[in-house]
Each structure stands twice: as structure tokens, then as C-alpha cells.
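Asker: Next comes the sequence, and after it the predicted model I'd like to discuss.
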Amino acid sequence: MDNEKRKAERHFNDQAVKEAVKRMRPELEAASEAAHKMKDSEDSGDDKDYRDFDRKHGARLSGRSY
């Protein structure tokens, strides 16, 4: 019986992870696209806006202070 309980719990957790990833997929794709665009803009030297945003908001998001 203990083995069946473990199997059921594992199945439940697997399904929960799959559903969570499915819900996050659009945000993950948007973040990936933004990261690629940021990398491309670094090549052109056009990252001042990003640095300003990071300076204002990044500390709050990461817990760091500037």
C-alpha cells in the first residue's frame, strides 16, 4: 500500500509540474525573446535604457541596493 501511495503522489507531482510549465510557457518565451534582443542591442551599444531600468528596479527585484 505504501508503494501505491508513493506512486500516486509522484504522479500528482509530475502532473503539477507539467501544468505549471504549460502556464509559464508564454512568459518564458517572452523572457527568452527579450534576452536575445538585449544581447543584440549590447552589440549596438544601445543598452542605456536597460541599465537605467535595472538600476531603478533590479535592486528591488534582487534585494540588492545600489
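Answerer: That came in fine, so what should we check first? Numbering: from 1, shown residues only.

Asker: Report the rounded mean pLDDT for the top helix by length along the chain.
Answerer: Looking across the chain with DSSP state H, the single longest helix is helix 2-44. On average, the pLDDT along helix 2-44 is 89.

Asker: So which elements touch that helix?
Answerer: Of the remaining helices and strands, none touches helix 2-44 by 3 or more Cβ pairs under 8 Å, 6 or more residues apart in numbering; DSSP states H and E. All C-beta spots, glycine's among them, are computed from the backbone N, C-alpha and C.

Asker: can we see that at 10 Å?
Answerer: helix 48-53 (3 or more Cβ pairs under 10 Å, 6 or more residues apart in numbering; DSSP states H and E).

Asker: Mean confidence (pLDDT) on the helix it packs on, please.
Answerer: 60.

Asker: change the start of the numbering to 330 and stick with it
Answerer: With the count now opening at 330, the last piece we talked about shows up as helix 377-382.

Asker: Next one: residue 348 from residue 342, what distance?
Answerer: 11 Å (Cβ to Cβ, to the nearest Å).

Asker: same question but for residue 359, I mixed them up
Answerer: 27 Å.

Asker: Ok, residue 355 next?
Answerer: For residue 355, the distance to residue 342 - Cβ to Cβ - is 23 Å.

Asker: Please apply the same query to residue 360.
Answerer: For residue 360 relative to residue 342 (Cβ to Cβ), the value is 25 Å.

Asker: Next: residue 334.
Answerer: Residue 334 sits 13 Å away from residue 342, going by Cβ to Cβ.

Asker: do residue 361 as well
Answerer: 26 Å.

Asker: what sits against residue 354?
Answerer: Residues near residue 354 by Cβ atoms under 10 Å, 6 or more residues apart in numbering: none.

Asker: Give the burial count for residue 370, as a bare number.
Answerer: 14 (other Cβ atoms under 10 Å).

Asker: Likewise for residue 356?
Answerer: 9.

Asker: One more: residue 349?
Answerer: 10.
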